[in-house]
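1. Below: sequence and its predicted model.
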Amino acid sequence: MKDALRGYGLFILVVGIDAFLCWNYPVKGTGAIKGSLSYLVEMLLFIPPIFVLVGLLDVWVPRAIVERSVGPESGIGGVVLSILVATAAAGPLYVGFPVAAALLRKGCRLANAVIFLGTWATVKIPMLMMEIKFMGLAFSLLRFALTLPSVIAMGYLMERVLRPQRAKGV
C-alpha cells in the first residue's frame, strides 16, 4: 500500500493543493484546477503515442545500429547525430525522456543521451524560428553559439560524474 501511494505522491499532492485552494480561495482554486486538468489532458495526448514510438524503437531498431550510431565508440558523429535528431524533434521536453531511456537501453552513450535531451530542451528548429522572429537573428545566433557547447560539455560532464555509479550498477 505504501509503495502504491509513493507512485502517486505528486498526483495526490496536486489534488490536495487544488482542494485547499478551492476551499480557501475559490477563484484561484478554480484556475488551479483548470490548469491541472489542461496539463493532464496535454500529457494524455502526448504520452501514449510516444510510448508506441518508443516500443517500435525497441522492436525495430537493432541494438547494433544504436551502438554504432550513438554508442560509446561513435565519437563526434554520435554527438552530431544526437544534436540533429533532437533539433528536429517536436513536443515538450517530457516526451524526450522515454526516448532517451530507450536509447540508453539500446546502448547509447550517456553523454549522447544527455546531449540529446539538452538539445531537445534548448535548440529545436521551430523554437529557433520563433526566436528569430521575435528576438532577432543576432540574439538567436549568440544564444545558439553559447547553448550548444554548453549542452555538449554538460553531456560529457554528466557521463564523467555518473560513470562510477553506473559501474556499481546504480
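-> Structure's in. What do you need?
2. make it CA atoms for all contacts and neighbour counts henceforth
-> Noted.
3. counting contacts, what elements does the one helix or strand L56 maps to pack onto?
-> Assigned by DSSP states H and E, L56 falls within helix 26-60. Packed against helix 26-60 by the contact rule (3 or more CA pairs under 8 Å, 6 or more residues apart in numbering; DSSP states H and E) you find helix 9-24, helix 96-105.
4. got the angle for it vs helix 96-105?
-> Helix 26-60 runs at 30 degrees relative to helix 96-105, counting by axes from the mean of the first three to the mean of the last three CA atoms, to 10 degrees.
5. which element follows helix 26-60 toward the C-terminus?
-> Where DSSP H and E defines the elements, the next helix or strand beyond helix 26-60 is helix 63-70.
6. What residues sit buried inside that following helix?
-> In terms of neighbour count (16 or more other CA atoms under 10 Å), helix 63-70 has its buried residues at R63, V66, E67, R68, S69, V70.
7. Now that we have the helices and strands packed on helix 26-60, can you turn them into a markdown table and tack on mean neighbour count, distance to T30 and mean pLDDT?
-> Converted to a markdown table, these look like this (neighbours: other CA atoms under 10 Å; distance: least, CA to CA, whole Å; pLDDT from 0 to 100):
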| stretch | mean neighbour count | distance to T30 | mean pLDDT |
| --- | --- | --- | --- |
| helix 9-24 | 14 | 6 | 89 |
| helix 96-105 | 18 | 31 | 93 |
